[in-house]
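> predicted model and sequence below, questions to follow.
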Amino acid sequence: MPPIIEISGLRKTYSRAFRQPHNALDGLDLEVAAGQVHGFLGPNGSGKTTTLRALLGLIRVDGGTMRIFGEEVPQRLPDVVARIGAVVESPQFFKHFSGRLTLQLLAESAGVSKTRVEEVLEQVGLRDAAKASVKGYSLGMRQRLAVAQALLKQPQLLILDEPANGLDPAGIHHMRELLQWLAHSQGVTVVVSSHLLSEVQQLCDSMTIVSRGRRIVDGSVADIIAGHGDSSLTVRFPDAASLPEAAEALTAASGSLDAAKAAVTASVDRDRLVVRGAPEASWVTKTLADAGIYLSELRTETKNLESVFLELTGTAPVPGQTVQIGESAVVPAAPAEVAVGDVTIEVESEGAER
Ligand SMILES: Nc1ncnc2c1ncn2[C@@H]1O[C@H](COP(=O)(O)OP(=O)(O)OP(=O)(O)O)[C@@H](O)[C@H]1O
């Protein structure tokens, strides 16, 4: 089955007042397979919202191709838009209307039955708050209403920018179950952008990580985590005085492993030994026991998406430094120049799209 979303070489440059133009998208590629929950991840300013807005025809791009359901967009968007539900910009609602009335009006204008309104209210957990006016809704309740609105037309593709925004832990859990049910039981393809890495790890089947307007990795969440990052073993001893001796024993023993297994490192970190590259945990316990050293605890540190994300995007915190946002590639093109007497003024359009 062809991908539901196919993006190739997408480019978008924003002009900025008194600054160099900025490549928000620098040849971005993205593919999303059918019936999956696909996570779209990247540091702040890496181009996620720009991509989703471009896909939905909300902004023009400067290059590249995009297809949804095999149809080129934005040219053929009118042919596929009825099959897409999306929450990308902060949705605005009439604050004096109730949640139910809001959805009923939207359903009417889209030719959707009123019974569908009750279904989506139930699905997003707003049934009991449906009578209340939207002005009293919390951020999380508005987010649920926005998702309900996107679900009204029973879309085959659901695109959500930060769906967990404003949701409490129970709300996040509920949203996760809803999105997984839609994808796995109803065959809906769900694309979510998110910063909540542990949530993405639990929610998504596959993901694309972007940085500086480019894809840096994509694939199944499990494969990406397994294929990157560094797993390690943490070892503790009844007496911390054993640590240097244990490190030495493991390093020395690694020399007798065959070449492919020889990259064992053991470093002392406060009251524990961190062992990397050991063929297996039992090799550590045996090697230490052979050296007459007995451990009190051995734990496998599992890789998680956060460490993989920080490594791949190069945004791991450096002690004493604050990561700066918007360090993506700058367009080298020179701005227009206007000569006024002896002074040359650089002219750039005000924050406009290019
Ligand atoms: N209208 C605009 N004018 C100028 N620059 C823009 C505009 N919209 C976005 N940008 C810039 O484009 C880059 C990508 O922004 P975008 O909102 O797509 O990132 P993002 O990955 O969604 O970020 P976040 O995770 O913070 O939501 C950023 O550097 C942003 O400052």
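Arrived safely, thanks for sending.
> make sure residue 63 is actually in contact with residue 10.
Yes: assessed by Cβ atoms under 8 Å, residue 63 is found in contact with residue 10 at 7.2 Å. (Each C-beta comes from the backbone N, C-alpha and C, glycine too.)
> quick one: contacts of stretch 266-275?
Residues from elsewhere that reach stretch 266-275 (Cβ atoms under 8 Å, 6 or more residues apart in numbering): 232-237, 240, 243-244, 246-247, 250-251, 264-265, 276, 284.
> buried only: go through those for me.
Neighbour-count burial (16 or more other Cβ atoms under 10 Å) is assigned, among these, to 232-233, 235, 237, 243, 246-247, 250, 264, 284.
> which residues of this protein fall in helices?
Taking DSSP state H, the helices of the chain run over residues 48-55, 77-80, 99-110, 114-124, 139-151, 169-186, 197-203, 221-227, 243-254, 281-290, 305-313.
> and the fifth one with helix 114-124, angle?
Right, helix 139-151. Between helix 139-151 and helix 114-124, the angle comes out at 140 degrees (axes from the mean of the first three to the mean of the last three Cα atoms, to 10 degrees).
> buried sites along helix 139-151?
Buried-residue list, helix 139-151, by 16+ other Cβ under 10 Å: 140-151.
> quick one, what contacts residue 172?
Taking Cβ under 8 Å, 6+ apart, one finds 164, 196, 199 in contact with residue 172.
> picking up where we left off before, and the buried ones among the contacts of stretch 266-275, which is closest to the ligand?
residue 232 (29.7 Å; Cβ to the nearest ligand atom).
> any idea what that closest one is bridged to?
residue 276, residue 301 (DSSP bridges).
> now do the contacts for it.
274-276, 300-301.
> buried among those? Need that as a selection in PyMOL.
Buried subset of the contacts of residue 232, written as a PyMOL selection, criterion 16+ other Cβ under 10 Å:
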select buried, resi 274+275
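> the ligand: which of the contacts of residue 232 is nearest?
Taking those together and measuring to the ligand by Cβ to the nearest ligand atom, the closest member is residue 301, at 27.8 Å.
> verify the stated contact: that closest one with residue 281.
No: contact criterion Cβ under 8 Å: residue 301 and residue 281 do not qualify, at 11.4 Å.
> any shared contact partners between those two?
With Cβ under 8 Å, 6+ apart, residue 301 and residue 281 have common neighbours residue 233.
> what about residue 164, how many neighbours?
21 (other Cβ atoms under 10 Å).
> pull up the gap between it and the ligand, please.
13 Å (Cβ to the nearest ligand atom, to the nearest Å).
> and the spatially closest residue to that residue that is not a sequence neighbour, how far from the ligand?
Once flanking residues are discounted, residue 164 sits nearest to residue 172: 4.9 Å by Cβ to Cβ, 6 or more residues apart in numbering. Per Cβ to the nearest ligand atom, residue 172 is found 18 Å from the ligand.
> what about residue 172, distance to residue 143?
Distance of residue 172 to residue 143, given as Cβ to Cβ, to the nearest Å: 10 Å.
> what about the longest strand along the chain, near the ligand?
Looking across the chain with DSSP state E, the single longest strand is strand 19-32. Yes: counting by Cβ under 6 Å from any ligand atom, the ligand is contacted by strand 19-32 at 22, 24.
> keeping just the C-alphas, turn that strand into PDB.
Listed next in PDB are the C-alpha coordinates belonging to strand 19-32 (Å, rounded to 0.1, in the frame of the first residue of the first chain):
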ATOM      1  CA  ARG A  19      17.700  39.500   9.800                       C
ATOM      2  CA  GLN A  20      18.800  37.000   7.200                       C
ATOM      3  CA  PRO A  21      16.000  34.900   5.600                       C
ATOM      4  CA  HIS A  22      15.600  31.600   7.400                       C
ATOM      5  CA  ASN A  23      15.200  28.100   6.000                       C
ATOM      6  CA  ALA A  24      12.400  26.700   8.100                       C
ATOM      7  CA  LEU A  25      12.300  23.600   5.800                       C
ATOM      8  CA  ASP A  26      15.600  22.600   4.100                       C
ATOM      9  CA  GLY A  27      14.700  19.700   1.900                       C
ATOM     10  CA  LEU A  28      12.500  17.800   4.300                       C
ATOM     11  CA  ASP A  29      11.300  14.300   3.500                       C
ATOM     12  CA  LEU A  30       8.400  12.500   5.300                       C
ATOM     13  CA  GLU A  31       6.500   9.300   4.700                       C
ATOM     14  CA  VAL A  32       3.600   8.000   6.800                       C
END
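> just checking, what packs against it?
strand 5-16, helix 48-55, strand 63-68, strand 206-211, strand 214-220 (3 or more Cβ pairs under 8 Å, 6 or more residues apart in numbering; DSSP states H and E).
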